[in-house]
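[1] Build me a model from this:
(chains A and B)
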Amino acid sequence: MEIGPILRAMTRNKLGVVLIALQIAFTMTVMINAIFIINERNRMMARPSGADEVNLFHFTSIGFGDDYNERIVVADDLAMIRQLPGVVNASTTNAIPVSGSGSSTGVRLEFDESQPSVGVAIYRTDDQLIDTLNLDLIAGEGFTESDMRYRSESGATLADKTVVSRATAENLFPDKPLNQIVGETVFLPGGVEVQIIGIVDTLQAPWPQSSLIERSMIVPEMFVDTSSLYVVRTEPGERDRVMAEIEDLLLADNPNRVLRSLRSLEDTREETYRIDSAMSTVLWVIIITLVFITCMGIVGLAVFGINRRRKQIGTRRALGATRPEILRHFMLENLLITSVGVLVGAALTIGFSIVLTTNFNMPTMAWYYTPVGMLALLLIGQIAVLGPSSGAARIEPAIATRSV
Amino acid sequence: MFLYYLRLSALSYKRNPILSSLMVLAVAIGIGAYMVIYTLNYTMGGNPIPQKSAQLFHVQLDTGDPNRDNDAPEQLTYLDSMALLDAKRAQRQTASSKFTAIVEPANPEIRPMITNNRGVMADFFPMFDVPFLYGGGWDSSSDDSLEQVVVLSREMNERLYGGADSVGENLVMNGEVFRVVGVLDDWQPIPKFYDVNNGPFDPGEDLLVPWHHIVDKNYGRAGNTNCWKAIDGTGLQAFLNSECTWIQFWVELPNGGEEQAYLDFLNSYAAEQKQLGRFGRPLNNALFDVEEWMVEQEVLPDETQILSALAAMLLAVCLLNTIGLLLSKFLGKSAEIGVRQALGAHKGSLFIQHVIEAGFIGLLGGLLGLGVAALGLEGIKVLLGQEVMVTDWIQLNVPVVFVTIVLAIASTIVAGLYPIWRACNVNPAIHLKTQ
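    Predicted structure coming up:
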């Protein structure tokens, strides 16, 4: 093989080798870690919230004036909205998934407040939320109107029934089958006893970054002040039409209020994850720029190296080397340099990934990222050097006879 | 001599336009990308009130759950805030909380609107150097007497009064009349250091009123509220007496050395409260000045920190590239260097000539890099949109422009050191022979 002469040729241009190898190493570090971050964000964004997001929209209504009675207004509003053509169901709630704003509480298995509690998101809502969000009830049952409690002042939970997400149920009772968890009693702060009457498959907490993202509970309890958050589910395709009409209808019913944040849940999700999607875009731009620059560097130094050795190439050709042999020489040379680069790059990649894991609470990178990245860069190097190498292969043997 | 070398650099650029342009492009991309991330980090992690950040302190009392070992609550309870306000141990102090209300404009053409507001003490305005367009803040006496006075943001004044001097006007908020005493000038510190618990890059509030109104009129609190313990009873009074934290508390301690005295005061207050069965944890009260508080609250997003490491590596790749290209370029003109040496140029002047040539490339790269950075910042602004955070500040500013140019020139010269050294050590004899 020709590795011997190639290696000896490389030792005559050590700096060129080091420059390319380092570029490859940094490029690989950035590329692999960036792709890992992008994949992580995509995975996070792809988690279902449990709600039928495409057909949902929400808005807040805040009443003013002395004779504003929220309990009556909400009942009227919901009755009016539910009978609108194209609407499936509507609810009021203190929070909605993926919105980034909500309330959390601690659930205990015992009355004793010094025992550890399981943190969950708490949705305080009317008796229809499970249907309105179109949640998948996998055990037990939902609420009825008689379960509803109303309050006008803050304080301990009044409701005595709850429907929890599967993750909450499994966290509280790791060893029990789901249908046996239904009927269990748990305790909320202040020693409030609530009975689990149903389990939904998925209902995310409202905060995407939270560690308790999959744990939630629903209680049939409405806070009566002047502000209500409504969530409405429409028939497929009807959402935008209903959204366009709802404001006028509500203001016609009761003008003593202000509506705000009338938005589809899809838009809310997009906004909640805006920073993540912006981050992904920025990382893609960095990756593409970097690969482009590295390729430019490989081409530049290859052309430089070939031009310096035109005469030697010509001599080799004159001595009987075929064009494919010349091509192979430069391809192989690049392969060797890139191999050094990806080996250094593998170490840097893993090192940087450890820094990310320890400082920014990112998960550990799966093992296959590094080898796949190494292969990808070897391939990129070969593609980049293909042009200059075939240029070298076209050098005429006659050049050996000319003096510069 | 400098101008002569500069002209030589330009000539050299023209002789090798493709190679030289590649170098400029590499420097421009590397520096441009780095400056985009630098601008984000520089502002988001910057000091929003440098003139007095060391005199303003965020008060943190550890009233947390004694059965858990999580972090101390960021905000204070009502009981503690009132005790600290009454004690008046600092030169200036303010409680601060967010709430929403409905404003009914006098002009019937404008529909009633929900406003984002903040309750603060009179001291808030002088403490944080809040700029006023018209009028000013209110007197401390208005705090205690619950005078119905309000300060408007500039934008709210535009919406309600068309930007006119509205001082003295009456404003109806939740059905009650408040007198306008001041209109803020544009005031959007980045980060919004006086409230990093409710979005450190959120826009400022529409209206500011004396803090005590929040409790007196039971306004809808809009900020973060955290309760580790169930509220004992129902109603506003039960909430006020609870361990729920929802009030931010800032003090101004203008002279050095007072910090320890104030902390001692906090600790002795906590010790007193321990007697009453509160403050169940070991003493862990703290004062954070503005910069310390930004760090403690991890205001600088993870994203920009990760990006700045990645951008630094991108810059490194671009500079490695530049080294390679400069090497090709300088070695390509060995013959010229040989002639110059033979004509009497010594190594020192060759060195200066090539440093200037590298700097020239760096300068061009830096100028183009400014374009790349401006474009990149514009792109980030578009990606983030207006809804998630305030983005007006995402643009090139004077210090960033300056850093860009200097960094571009300096890094190109550093990258060029080895190629320059090689160029200075060309053996003239060899190159003269082939001429």
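[2] C-alpha only now, for contacts and for neighbours.
    Noted.
[3] List of residues touching the strand ranked longest in chain B?
    The residue-count maximum for a strand in chain B (DSSP state E) belongs to strand B:92-104. By CA atoms under 8 Å, 6 or more residues apart in numbering or on different chains, the residues outside strand B:92-104 that reach it are A:64, A:258, B:81, B:85, B:111-124, B:127, B:171-175, B:211, B:214, B:219-223, B:246-253.
[4] Burial check on residue A:219, number of neighbours?
    27 (other CA atoms under 10 Å in any protein chain shown).
[5] now residue A:292
    Residue A:292: 14 surrounding residues under other CA under 10 Å.
[6] next one: residue B:49
    Around residue B:49 there are 17 residues (other CA under 10 Å).
[7] Quick one: residues contacting it.
    Taking CA under 8 Å, 6+ apart as the criterion, residue B:49 is in contact with B:128, B:189.
[8] now it, what's its secondary structure?
    Assigned state for residue B:49: coil (three-state reduction, DSSP: H, G, I helix; E, B strand; the rest coil).
[9] just the helices in the stretch 201-350 of chain B please.
    In the stretch 201-350 of chain B, the helices defined using DSSP state H, counting those that start in this stretch lie at B:212-216, B:236-240, B:258-275, B:290-296, B:302-332, B:334-342, B:347-384.
[10] Now tabulate those helices in TSV and tack on mean pLDDT.
    Converted to TSV, the helices of the stretch 201-350 of chain B look like this (pLDDT from 0 to 100):
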stretch	mean pLDDT
helix B:212-216	95
helix B:236-240	89
helix B:258-275	93
helix B:290-296	93
helix B:302-332	89
helix B:334-342	84
helix B:347-384	93
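[11] If you go by neighbour count, which of the contacts of strand B:92-104 are buried?
    Neighbour counting by 16 or more other CA atoms under 10 Å in any protein chain shown classes A:64, A:258, B:81, B:85, B:112-124, B:127, B:171, B:173-174, B:211, B:214, B:221-223, B:246-253 among these as buried.
[12] Could you spell out which stretches of the chain belong to which domain?
    Unless you meant another one, I'm taking chain A. A:3-46+A:274-401, A:65-255 (automatic domain parsing).
[13] Oops, wrong one, chain B.
    According to automatic domain parsing, chain B comprises the domains B:2-45+B:301-433, B:56-296.
[14] roughly how far out does the last one sit from the chain middle?
    Centroid separation for domain B:56-296 versus its chain: 21 Å, with CA atoms, centre = their mean, to the nearest Å.
[15] Can you give me the first-to-last residue distance of that domain?
    End-to-end distance for domain B:56-296, by CA to CA, to the nearest Å: 15 Å.
[16] cool, and stretch A:166-177?
    Terminal residues of stretch A:166-177 are spaced 11 Å apart (CA to CA).
[17] can you list contacts of it?
    For stretch A:166-177, contacts defined as CA under 8 Å, 6+ apart pick out A:109, A:118, A:120, A:178, A:181, A:199-202, A:214-217.
[18] on that earlier part again, ok, of the domains of chain B, where does mean pLDDT dip lowest?
    Ranked by mean pLDDT, the domains of chain B bottom out at domain B:2-45+B:301-433, with a mean of 89.
[19] Check whether that one comes near chain A.
    Yes - interface with chain A: domain B:2-45+B:301-433 contributes B:26, B:302-303, B:306, B:310-311, B:313-314, B:316-318, B:320-321, B:323-325, B:328, B:380, B:383-384, B:387-388 (CA under 8 Å from any CA of the partner chain).
[20] could you flag which of those residues are buried?
    Buried residues within these, counting neighbours by 16+ other CA under 10 Å: B:26, B:306, B:310-311, B:313-314, B:316-318, B:320-321, B:323-325, B:328, B:380, B:383-384, B:388.
[21] Tell me the residues of chain A that contact chain B?
    Contacts of chain A with chain B, taken as CA under 8 Å from any CA, map to A:16, A:19-20, A:22-23, A:26-27, A:30, A:62, A:64-65, A:114, A:153-156, A:189-190, A:257-258, A:260, A:271-272, A:274-275, A:278-279, A:282, A:286, A:290, A:293-294, A:297, A:300-301, A:304, A:356, A:360.
[22] Just the buried subset of those, written out for PyMOL, thanks.
    Restricted to buried positions by 16+ other CA under 10 Å, the PyMOL selection for the residues of chain A next to chain B reads:
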select buried, chain A and resi 16+19+20+22+23+26+27+30+62+64+154+155+156+189+190+257+258+271+272+274+275+278+279+282+286+290+293+294+297+300+301+304+356
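[23] burial of residue 338, as a residue count?
    Looking at chain A here, since you left the chain open. 28.
[24] that's the other chain; I wanted chain B
    Around residue B:338 there are 23 residues (other CA under 10 Å).
[25] Would you check that it makes contact with residue B:425?
    No - Residue B:338 is beyond contact range of residue B:425, at 9.5 Å (criterion: CA atoms under 8 Å).
[26] Can you give me the end-to-end span of stretch A:59-68?
    End-to-end distance for stretch A:59-68: 18 Å, by CA to CA.
[27] so where is the stretch 1-150 of chain A shaky, pLDDT-wise?
    Within the stretch 1-150 of chain A, the ranges that satisfy pLDDT under 70 run A:1.
[28] so where do the helices sit in it?
    Along the stretch 1-150 of chain A, counting by DSSP H, counting those that start in this stretch, helices occupy A:3-11, A:14-46, A:70-82, A:129-132.
[29] closest one to residue A:149 among those?
    Nearest to residue A:149 among these is helix A:70-82; the distance by CA to CA comes to 11.6 Å.
[30] Using the three-state scheme, assign residue B:180.
    What three-state DSSP gives for residue B:180 is strand.
[31] Can you get me a residue count around residue A:98?
    Residues near residue A:98, counting by other CA under 10 Å: 26.
[32] what's the spacing between the closest residue to it other than its chain neighbours and chain B?
    Closest residue in space to residue A:98, ignoring its immediate chain neighbours: residue A:206 at 4.7 Å, by CA to CA, 6 or more residues apart in numbering or on different chains. Distance of residue A:206 to chain B, computed by CA to the nearest CA, to the nearest Å: 14 Å.
[33] Let me know the distance separating residue A:206 from residue B:359.
    Between residue A:206 and residue B:359 the computed distance is 53 Å (CA to CA).
[34] Would you confirm that residue A:304 contacts residue B:328?
    Yes - the pair residue A:304 / residue B:328 is scored as a contact, 6.5 Å apart, by CA under 8 Å.
[35] Give me every residue in the stretch 101-250 of chain B lying close to chain A.
    Contacts of the stretch 101-250 of chain B with chain A, taken as CA under 8 Å from any CA, map to B:102, B:112-114, B:174-175, B:229-236, B:238-239.
[36] And the closest residue to residue A:77 other than its chain neighbours, which helix or strand is it part of?
    Once flanking residues are discounted, residue A:77 sits nearest to residue A:250: 7.0 Å by CA to CA, 6+ apart. Here residue A:250 sits within helix A:239-253, counting by DSSP states H and E.
[37] ok, then the element right after that helix?
    strand A:257-264.
[38] Quick one: mean pLDDT for that next one?
    91.
[39] in its sheet, what does that strand sit against?
    According to DSSP bridges, strand A:257-264 has the following sheet partners: strand A:56-63 (antiparallel).
[40] ok, the residue nearest to residue A:37 when sequence neighbours are not counted to residue A:43 distance?
    The shortest distance from residue A:37 to any non-neighbouring residue, by CA to CA, 6+ apart, is to residue A:280 (7.8 Å). Distance, residue A:280 to residue A:43, using CA to CA: 12 Å.
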